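Participant: Quick check, what structure comes out for this input:
(chains A and B)
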Amino acid sequence: MDDHPVRLVVGDDLNRSRLTVFFRLLLAIPHFFWLAIWSIAVVLSSFVGWIIALFTAKLPDGLHRFFVAYVRYVVHLGAYLAIAANPYPSFNAQPYPVDVELPGPAPQSRWKIAIRLLLALPALILAAVLGSGVGSGGWSSTRSDAGNEAQWFASPGIGGVAAICGILGWFAVLAIGRMPLGLRNLGAYGLGYTAQAYAYVLLLTDRYPNADPERIGPRWELPARPVRLEVKDDGRRSRLTVLFRFLLAIPHFVWLVLWSVAVFFAAIANGLVALVRGRSADPLHRFLAAYVRYYSHVLGFVFVIANPFPGFTGEPGYPVDVVVDPPERQNRWKTFFRFFLAIPAFLISGALGAALAVAGILGWFAALVTGRMPTGLRNLGAVAIRYNAQTNAYWLVLTDAYPHASPALRPPPEAEPTYPEPLEPQPEAV
Amino acid sequence: MLTLAVLWGAEAWSLWQSVLPGDLELPEVPLTGIPEETLERADRYERFFRIEFVVSELVLIAVLVAYAKWGIRFAKESAAGRIGTGMLLGMIGLALVWISQVPFRLAEVWWDRRYDQTESGYVETLFANWFQLGAEFLFVCLALVIVMAIAGRFPRRWWLLAAPVFVGLAFLFGFIYPYLTPTERLERADLHAANREYAAKQGIDPVPLRVEDVTDFTSAPNAYAVGFGPSKRIVFWNTLLDGSFGDDEVKSVLAHEIGHHSSNHLFEGVAWYALFALPGAWLIAVATRRRGGMANPAAVPLALLVLVVLDLLSLPVYNVISRHMEKEADWKALETTRAPEPAKRLFKEFTIQSLNDPDPPT
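Facilitator: Just a heads-up that it's a prediction; the model follows:
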C-alpha cells in the first residue's frame, strides 16, 4: 500500500523549556485569536473552493496553498499545546519540529468532492478523539415529572488523546525538563491523523485518512517491555459475528466481571508479596497474567480488532494477543506507590480506550459491508489494547516497567547494515 | 426405561388432578352484547396471527435446518475451546433465529397498529428488546455450559443429569422473575380488602398486589400470577386499572389470579416442565449422537433444531395443560366470588378491547 500523501514529520529532540511549558496556554493566547480568524476565512473560502472543485475537479492553486498553510499551522499549534514540540510556532506556518508534508494540487473524483463532508464524518469523529477532544458529544438523559427527556449535547472539552498527552507532558516537563518519548509520539500521532482528516475535508487530497500508526509518517520507537502485543490477524471478519458482536460478547462481560472481583484481591496479595520478596509470586503472576491476556482478547473481540470468539481462560494464541514475561525483580518503592504511579497510565489508557471504541464502531460498519477490518483502524485498536494491557500489568504488579505510549505495535525494523564500498584495486607500487 | 415411563405417566396423572368437577359441562354462552361487527373484527384480527404464526414457524424451522447443516462452519470463528465454541454456535443460532423473526415481528406491529392494539413504532420494536435478547444469549450460554460440561464427562447419560439441573434453574427463574420485572405496589384499598377475603376463602395468605406499567408497548388489559414463597405476587397491567373495567370485573380477575396461587399452578408449571425436560433432553441426546454427542460443538446447531421442533410439537399439549389450569382458576374464582355476571362482562370486554377470540379453540 502506498504511503498517505499527508505525512507527519517529527524532528523534535524532546528537550523543553520549563518556563515556556509552565505558561504554555497563556503564551498561546495570540495564536488562539489568529487561529479563530484563519478558521473563519478557511470555512468561508472552503465553500468557494468546493464549488470550483466540483467543476474543475481540483482546487485553484492559490486556495490550495492557503489551505495547506492552514493545516500545517493547526498541527504546529496543536503540537505546541500538546507539548509535542518546544519552539513558539510562527503565525504563517514556517517549518516546525512537528510538521506535516502535504501534496500539491491534483485532479480528484468529482463525485467524491460532491459528498466530501459526508464521507469525512467518520474521520472527523476519530480525529476529535485522537486530537484535542474538541467537539465531543453524547447523550444526556434527564428524568422529569413528564417522563424521560433525552437530548443530544455537543460541547467542547479536553479529553482527546493529544490533549491528555499535553496535560501529562506538562507535569513531566516541569519535573524533568524533557517530554517523555511515548507521550510526544502519541500526541504527534493524534495531530498527524487530524491533519489527514483536515486535508481530506479541505479537498487537499482525495486519499481517505489512514489511522494506521505505522503509516502516518515516522517509524515510532518501541522500547522492549515485559508485556508486549502480538498481532497475527489477517483482517478477515465474519459478517454474521460482526453483526452480533456485542451480544455474542455478553457471556465474556459476565465472566470478566466475576474474574475481575477475584483479580482485585489477587492484585492486593500480589502487591504485598512483591513488597516483601521484591518480585511477585509465580501462581499469582500466572493468574493475573491470564487475566491481562483475557481482558485484551475480549477487547479485541468486542471492538472487532480480532475475529474469533475468544476463550474464557486467557490462553495464549489469540490473533491479537499479549505476551507477559515471567516474574522479574521489581523496585519496592515503585510497588509501594504503584496505584498512584499508575494514574497517568490510567488517563492515557482511558483516552486510548475512547479511540478504541470509535475505531471499533467505525470498523464494525466497515467489516459488516466489506467482510474485512480496515488495517488502519485495526492497528490503532491494537495499539490501544497493547497500552491497556501494559497498564493492567503495571497496576496488577506483574511488572514495574511503565507502559509506553508510543503508537507502535512493534519495534521499528533494524536498518539494513551498510558496508563500505570495496576499494578499487590499486596497482601495486613498484 | 419402562420404569421411567410408568413414573412419568403417574406423575402426569397426578398433576392433571384438579378441583374441577369431573362432570363439568361448560354451557354455551351466548355472545350477546358484543356487536357482530366487533366479532368479525376480532376474527379478522386473530386470523392474521394464526397465518403469521404458521409462516413464521416454517421460516424458523427452515433457518434452523440450514443452520444444522452448515452452522458448523462458524466453528472456525472461535478460539474458545470446546465449550466456548459450543456457546458461540448456540448464540449464532439464536441470532439467526432473531433475524428470521424480525419481518414477522414488524408485521405483528403493523397489524396491531392497524387495529389500535399498540402504539409501538417499528424502529422501537427492533431496538427496544435488546436487553431481553442479551438475556436470551446469556441463557443459551449458560444452558450450553451445563450441557456440554456434563456431556464431556458423561457422553451418553448427560441428559439424566442435565434435566434436573434445568428444572432447578426453571424453579430459580420462577422465584426471581418477580424481582426482575419493574412493578409498583397497588394503591387500591378495595382490591386489598378483596384480596384478603378471597385468599382466606381459597385457604391461602393474601398475596402482594403490584401494578406494571405497560402503556409503552400495549393497550391490552392483563394480569398474572408469579413467584413462589416470598416472591409470590399478583401483577395487574395498568391497562386493566385505567377505569375501562368495573371494580367487580377487576375483582373477578383478582379472584382468578389468587386461584392460580391457591392451586399451586406455578409449582405445577415447573413440574410439567420437568416431565417434558427429561424426555426432551433424551431425544436431543439421541439425535445428536451422530454428530459426536453434546460434548462436541458440532452438535449444537442440530440440538437447536431438535429443541425448537420439540417445542413446536409440545405446543398443543402445553395449550391443553394451560387451558386446564385457567379453567381451574376460573372455577375457583367463581366459587369465591359467587358472581358470574362480572366475569361474563369481563370476557366480553376483553373481546371488544383486545379483540380476543371469545370462543378460542384449546
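Participant: for residue 301, what are its contacts?
Facilitator: Since you didn't name a chain, this refers to chain A. Applying Cβ atoms under 8 Å, 6 or more residues apart in numbering or on different chains to A:F301 gives the contacts A:R245, A:L248, A:A249, A:H252, A:P308, A:F309, A:P310. No exception for glycine: its C-beta is placed from N, CA and C like everyone else's.
Participant: actually chain B
Facilitator: B:L64, B:Y67, B:A68, B:K69, B:G71, B:I72, B:L89, B:G93.
Participant: out of the contacts of A:F301, which are inside helices?
Facilitator: Mapping the contacts of A:F301 onto helices (DSSP state H) picks out A:R245, A:L248, A:H252.
Participant: Tell me where the model's unsure across the stretch 1-150 of chain B.
Facilitator: B:22-33 (pLDDT under 70).
Participant: so what's residue 177 closest to, chain neighbours aside?
Facilitator: With no chain named, the answer covers chain A. Setting aside the residues directly before and after it, A:G177 is nearest to A:R18 in space (Cβ to Cβ, 6 or more residues apart in numbering or on different chains), at 5.8 Å.
Participant: Can you look at chain B instead?
Facilitator: In space, B:Y177 is closest to B:V226, 5.7 Å off (Cβ to Cβ, 6+ apart).
Participant: And A:H31, how close does it get to A:Y88?
Facilitator: Note on A:H31: its distance to A:Y88, by Cβ to Cβ, to the nearest Å, is 9 Å.
Participant: Have a look at these two and say which one is more surrounded.
Facilitator: Shown here are A:H31 and A:Y88; by other Cβ atoms under 10 Å in any protein chain shown, A:H31 has more neighbours (19 against 16).
Participant: which ones are touching that one?
Facilitator: If a contact means Cβ under 8 Å, 6+ apart, then A:H31 has A:L77, A:Y80, A:P89, A:F91 as its contacts.
Participant: domains for chain A, by residue range?
Facilitator: Chain A breaks down by automatic domain parsing into domains covering A:7-133+A:162-215, A:227-395.
Participant: start to end distance for the shortest one?
Facilitator: By Cα to Cα, to the nearest Å, the extent of domain A:227-395 from end to end equals 13 Å.
Participant: still on that earlier bit, buried among the contacts of B:P301? Need that as a selection in PyMOL.
Facilitator: Buried subset of the contacts of B:P301, written as a PyMOL selection, criterion 16 or more other Cβ atoms under 10 Å in any protein chain shown:
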select buried, chain B and resi 64+67+68+71+72+89+93
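Participant: Closest to chain A out of the contacts of B:P301?
Facilitator: Minimum distance to chain A across the contacts of B:P301 is 9.3 Å, recorded for B:L89 (Cβ to the nearest Cβ).
Participant: got a list of what the closest residue to the closest one other than its chain neighbours touches?
Facilitator: Nearest-residue entry for B:L89: B:V300, 4.2 Å, with adjacent residues in sequence omitted and distances by Cβ to Cβ, 6+ apart. Residues counted as contacts of B:V300 (Cβ under 8 Å, 6+ apart) are B:G71, B:G86, B:L89, B:G90, B:G93, B:L144, B:M294.
Participant: what about the helices in the stretch 201-350 of chain B?
Facilitator: Assignment of helices within the stretch 201-350 of chain B using DSSP state H, counting those that start in this stretch yields the ranges B:247-262, B:265-287, B:300-313, B:315-337, B:340-354.
Participant: how about JSON lines for those helices, with mean pLDDT added?
Facilitator: Output for the helices of the stretch 201-350 of chain B, formatted as JSON lines (pLDDT from 0 to 100):
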{"stretch": "helix B:247-262", "mean pLDDT": "92"}
{"stretch": "helix B:265-287", "mean pLDDT": "92"}
{"stretch": "helix B:300-313", "mean pLDDT": "94"}
{"stretch": "helix B:315-337", "mean pLDDT": "90"}
{"stretch": "helix B:340-354", "mean pLDDT": "77"}
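Participant: okay, those helices, which one's buried deepest?
Facilitator: Compared across these, helix B:247-262 shows the largest average neighbour count, a mean of 24 (mean count of other Cβ atoms under 10 Å in any protein chain shown).
Participant: just checking, what packs against that helix?
Facilitator: helix B:189-201, strand B:223-226, strand B:233-237, helix B:315-337, helix B:340-354 (3 or more Cβ pairs under 8 Å, 6 or more residues apart in numbering or on different chains; DSSP states H and E).
Participant: hmm, try it at 10 Å
Facilitator: Where contact means 3 or more Cβ pairs under 10 Å, 6 or more residues apart in numbering or on different chains; DSSP states H and E, helix B:247-262 is packed against helix B:189-201, strand B:209-212, strand B:223-226, strand B:233-237, helix B:265-287, helix B:315-337, helix B:340-354.
Participant: A:K112 - nearest residue in space that isn't next to it in sequence?
Facilitator: Closest to A:K112 by Cβ to Cβ, 6+ apart is A:D206, at 5.3 Å.
Participant: Can you flag which of the contacts of B:P301 belong to strands?
Facilitator: Among the contacts of B:P301, no member is found in strands (DSSP state E).
Participant: residue ranges of the helices in the stretch 1-150 of chain B, please?
Facilitator: Using DSSP H, counting those that start in this stretch, helices in the stretch 1-150 of chain B cover B:2-16, B:36-70, B:81-114, B:122-127, B:130-153.
Participant: For the shortest one, buried residues please.
Facilitator: What it means is helix B:122-127. So helix B:122-127, judged by 16+ other Cβ under 10 Å, has buried residues B:T125.
Participant: per-residue pLDDT, A:E416?
Facilitator: We note a pLDDT of 56 for A:E416 in this prediction.
Participant: now do A:E428
Facilitator: pLDDT for A:E428: 45.
Participant: One more: A:D282?
Facilitator: At A:D282, pLDDT is 93.
Participant: so who does the residue nearest to A:G177 touch?
Facilitator: Applying Cβ atoms under 10 Å, 6 or more residues apart in numbering or on different chains, we find A:R18 in contact with A:V173, A:L174, A:A175, A:I176, A:G177, A:R178.
Participant: Who wins on neighbours among those residues?
Facilitator: Result: A:V173 is most packed of the contacts of A:R18 (other Cβ under 10 Å), 24 neighbours.
Participant: Quick check: which element contains that one?
Facilitator: Following DSSP states H and E, one finds A:V173 within helix A:161-176.
Participant: Give me the subset of the ones in helices among the contacts of A:F301 that also touch chain B.
Facilitator: Applying Cβ under 10 Å from any Cβ of the partner chain, the subset of the ones in helices among the contacts of A:F301 adjacent to chain B comprises A:L248, A:H252.
Participant: Was I right to think A:R65 contacts A:S45?
Facilitator: No: counting by Cβ atoms under 10 Å, A:S45 is not a contact partner of A:R65; they are 11.6 Å apart.
Participant: Which of those two has more residues huddled nearby?
Facilitator: More neighbours surround A:S45 than the other of A:R65 and A:S45, with 17 against 14 (other Cβ under 10 Å).
Participant: for that one, helix, strand, or coil?
Facilitator: helix (DSSP: H, G, I helix; E, B strand; the rest coil).
Participant: any idea how far B:E108 is from the residue nearest to B:W110 when sequence neighbours are not counted?
Facilitator: Spatial nearest neighbour of B:W110, chain neighbours left out: B:Y122 (7.7 Å); criterion: Cβ to Cβ, 6+ apart. From B:Y122 across to B:E108, the span is 11 Å (Cβ to Cβ).
Participant: can you check A:S406 too?
Facilitator: Plainly put, A:S406 is 55 Å away from B:E108 if you go by Cβ to Cβ.
Participant: Looking at the two, which is more packed in?
Facilitator: More crowded of A:S406 and B:E108, by other Cβ under 10 Å: A:S406, with 24 against 20.
Participant: ok, which stretches of the stretch 151-300 of chain A are helices?
Facilitator: In the stretch 151-300 of chain A, the segments counted as helices under DSSP H, counting those that start in this stretch are A:161-176, A:181-201, A:239-243, A:245-248, A:250-277, A:282-302.
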